[in-house]
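In: Fold the following for me, if possible:
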Amino acid sequence: MTAEAAAALLGTSTTILGVWEERFGFPVPVRSADGQRLYPDEAMIALRFALGRTLSVASAITEARRMQPGGPRTPSRQTGLLEKPEEAR
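Out: Have a look, this model is predicted:
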């Protein structure tokens, strides 16, 4: 889904999505041919569910990662780089 649709689903803004992406490494978008950020539907649904269960964005992101098929999705897992220390906790 587009960044705009994801932000609407989560009740936030596209700017905040970008902040979460940069700070927490989630949600992880793919880029369309024209450079538009596209977020996986299942990741956005998991994050919406998790945000409804907790007041902490960090906790919600951790929970949403766990709900993804194949386990947690981190930037390091996708790129093969070592995790940042704050993400390893």
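In: Which positions in the helix or strand containing Gly52 come out as buried?
Out: Element membership for Gly52 (DSSP states H and E) is helix 41-53. Residues of helix 41-53 classed as buried: 43-44, 46-47, 50-51 (neighbour count, 16 or more other Cβ atoms under 10 Å). Every C-beta, even on glycine, is put in place using the N, C-alpha and C of the backbone.
In: Tell me which other helices or strands it touches.
Out: helix 3-10, helix 57-67 (3 or more Cβ pairs under 8 Å, 6 or more residues apart in numbering; DSSP states H and E).
In: how about the spatially most central residue of the chain, what does it touch?
Out: The C-alpha lying nearest the average C-alpha coordinate of the chain belongs to Pro27 (Cα atoms, centre = their mean; 1.4 Å). By Cβ atoms under 8 Å, 6 or more residues apart in numbering, Pro27 lies in contact with 6, 17, 20-21, 39-40, 43-44, 47, 64.
In: redo that, cut-off 6 Å
Out: Residues counted as contacts of Pro27 (Cβ atoms under 6 Å, 6 or more residues apart in numbering) are 39, 43.
In: Now it, what are its backbone angles?
Out: Pro27 adopts backbone torsions of phi -80, psi 150, taken as degrees, to the nearest 10.
In: Could you do Val28 as well?
Out: Per-residue torsions, Val28: phi -100, psi 110 (degrees, to the nearest 10).
In: From Ile45, how far out is it?
Out: Remark: distance between Val28 and Ile45 (Cβ to Cβ, to the nearest Å) = 15 Å.
In: Would you agree Ala33 falls within a helix?
Out: No: going by DSSP: H, G, I helix; E, B strand; the rest coil, the assignment for Ala33 is coil, not a helix.
In: if we can go back for a sec, what angle separates the helix holding Gly52 from helix 57-67?
Out: Angle of helix 41-53 versus helix 57-67, following axes from the mean of the first three to the mean of the last three Cα atoms, to 10 degrees, is 140 degrees.
In: Alright, that wraps it up for me.
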